[in-house]
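Asker: only geometry, no sequence info:
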């Protein structure tokens, strides 16, 4: 599972112990999408729909990545993968673009959820926890 989905689960567990998340979201003012999605996507209705779309947006990455890995494996065996060659002739270019878009969407949905539940999450200071774990992950791969 990805870090974003685990962190989303962490936030949801924290909130579910303190309040009814769907009801709390229904009472909040409408959370609009950030630029540039504001002009592309309709706003998600606060409450169940908002929570569902945020969860699905974060979890889609955990589905997309194994599929992309399988495609990469097949492309490598067909000798069309060409890792590191960003030329749009090799499959690697397209798979990297799809993977990055999936990661961006997962992070976007996580940030949108945080923005909507900022007050309820304030006591746990999730941003510092998120940055700390990201720093450890970054340092371990660097």
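Answerer: Okay, I see it. Since we're looking at a predicted model, the values are computed, not measured. Numbering: from 1, shown residues only.

Asker: counting contacts, what elements does the lowest-mean-pLDDT helix or strand in the chain pack onto?
Answerer: The weakest-scoring helix or strand in the chain, judged by mean pLDDT, DSSP states H and E, is helix 126-141 (a mean of 82). With contacts taken as 3 or more C-beta pairs under 8 Å, 6 or more residues apart in numbering; DSSP states H and E, helix 126-141 sits against helix 3-18. Placement of C-beta: from N, CA and C, glycine included.

Asker: distance of residue 44 from residue 114?
Answerer: From residue 44 across to residue 114, the span is 15 Å (C-beta to C-beta, to the nearest Å).

Asker: comparing these two, which residue is more hemmed in?
Answerer: Using other C-beta atoms under 10 Å, the more surrounded residue of residue 44 and residue 114 is residue 44, with 22 against 17.

Asker: how far away is that one from residue 78?
Answerer: To residue 78, residue 44 is 40 Å away according to C-beta to C-beta.

Asker: swap in residue 102?
Answerer: In terms of C-beta to C-beta, residue 102 sits 23 Å off from residue 78.

Asker: who's more crowded, these two?
Answerer: The neighbour comparison of residue 102 against residue 78 (other C-beta under 10 Å) goes to residue 102, with 20 against 9.

Asker: longest helix in this structure, by residue count?
Answerer: Longest helix in the chain by number of residues, with DSSP state H as the criterion: helix 48-77.

Asker: show me what that helix is packed against.
Answerer: Under the contact rule (3+ C-beta pairs under 8 Å, 6+ apart), helix 48-77 is packed against helix 3-18, helix 21-27, helix 91-116.

Asker: closest to residue 37 out of these?
Answerer: Minimum separation from residue 37 across these (C-beta to C-beta) falls at helix 91-116, 7.3 Å.
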